[in-house]
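Novice: Just need the structure, nothing else, for what follows:
(chains A and B)
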Amino acid sequence: GAVVSQHPSWVICKSGTSVKIECRSLDFQATTMFWYRQFPKQSLMLMATSNEGSKATYEQGVEKDKFLINHASLTLSTLTVTSAHPEDSSFYICSADRVFLTEAFFGQGTRLTVV
Amino acid sequence: QKEVEQNSGPLSVPEGAIASLNCTYSDRVSQSFFWYRQYSGKSPELIMSIYSNGDKEDGRFTAQLNKASQYVSLLIRDSQPSDSATYLCAVNENSGTYKYIFGTGTRLKVLA
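Specialist: Numbers count the residues shown, from 1 in each chain, chains lettered A, B, ... in the order given. You can find the predicted model right below:
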């Protein structure tokens, strides 16, 4: 099956710094990628839809200036958490959409801890 | 607000028994339905997808869809301790994209 690789798998950063998370589709071109956040014992919440070559679409309540998304190629989308705060600590997961797939494939997830 | 609802559990079943997981959704135009398994600290992995009313079987797993009643279920036969995980129901709100709405998940415990 299709493979989506997410990096890093975990990161610890200081409050106020920025963190970049990468999501790559390894064996297919992904015109659309999705970024989710999951807090402990809660479900996945869609943050934004990343579209290759155009601006990302953010869900209601998600600050676009804080969570910067770049989808510069058909195989890579990045999520940058700017000026991170402890409340941004969460599990961030990306998924990739290939046009003719019948389901999306998820990356391994990134555990972000802001101290 | 489009919603997908699941009982959070935990649902405890003995090893070898059938585990039944249920999910209801609010958006009548939903076309695609998915069950994902998520182990603690890991990313979700796809178990089953179903698009038409009725049953779909894959090994020990059977997904059931009833669009009129807006529910989808997952049966796990011969449950194993390794099946212990959180099971997420997901609904694709538009058949043209894969923007999922996830349920909160049901935690399954299979007791050895």
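
Novice: Tell me where chain A has strands.
Specialist: A:4-7, A:10-13, A:19-25, A:32-38, A:45-51, A:57-58, A:67-73, A:76-81, A:90-97, A:105-106, A:110-114 (DSSP state E).

Novice: before we move on, what about chain B?
Specialist: Remark: strands assigned in chain B by DSSP E are B:4-5, B:11-14, B:19-25, B:32-38, B:45-50, B:54-58, B:61-66, B:71-76, B:85-92, B:100-102, B:106-111.

Novice: helices and strands of the chain: which one bottoms out on pLDDT?
Specialist: Using chain A. For chain A, the helix or strand with the lowest mean confidence is strand A:105-106, at a mean of 88 (criterion: mean pLDDT, DSSP states H and E).

Novice: wrong chain, I was asking about chain B
Specialist: Every helix and strand in chain B was compared by mean pLDDT, DSSP H and E; the lowest is strand B:100-102, with a mean of 87.

Novice: How many residues are close by A:G16?
Specialist: 10 (other CB atoms under 10 Å in any protein chain shown). (Each C-beta comes from the backbone N, C-alpha and C, glycine too.)

Novice: Let me fix that, I meant to ask about A:S15.
Specialist: Other residues close to A:S15 by other CB under 10 Å number 12.

Novice: try A:P86
Specialist: A:P86 - counted by other CB under 10 Å - has 9 other residues nearby.

Novice: again, but for A:Q29
Specialist: A:Q29, neighbours per other CB under 10 Å, totals 12.

Novice: how about the nearest residue to the residue most central in space within chain A, chain neighbours excluded?
Specialist: Most central in chain A under CA atoms, centre = their mean is A:W35, positioned 3.7 Å from the mean C-alpha point. What sits nearest to A:W35 in space, not counting adjacent residues and going by CB to CB, 6 or more residues apart in numbering or on different chains, is A:M47, at 4.7 Å.

Novice: what does A:P8 give?
Specialist: Closest residue in space to A:P8, ignoring its immediate chain neighbours: A:T110 at 6.0 Å, by CB to CB, 6+ apart.

Novice: Hmm, A:F91 and that neighbour touching each other?
Specialist: Yes: because the distance of 7.2 Å satisfies CB atoms under 8 Å, A:T110 is recorded as touching A:F91.

Novice: the more surrounded of these two?
Specialist: Ranked by neighbour count (other CB under 10 Å), A:T110 and A:F91 place A:T110 first, with 23 against 19.
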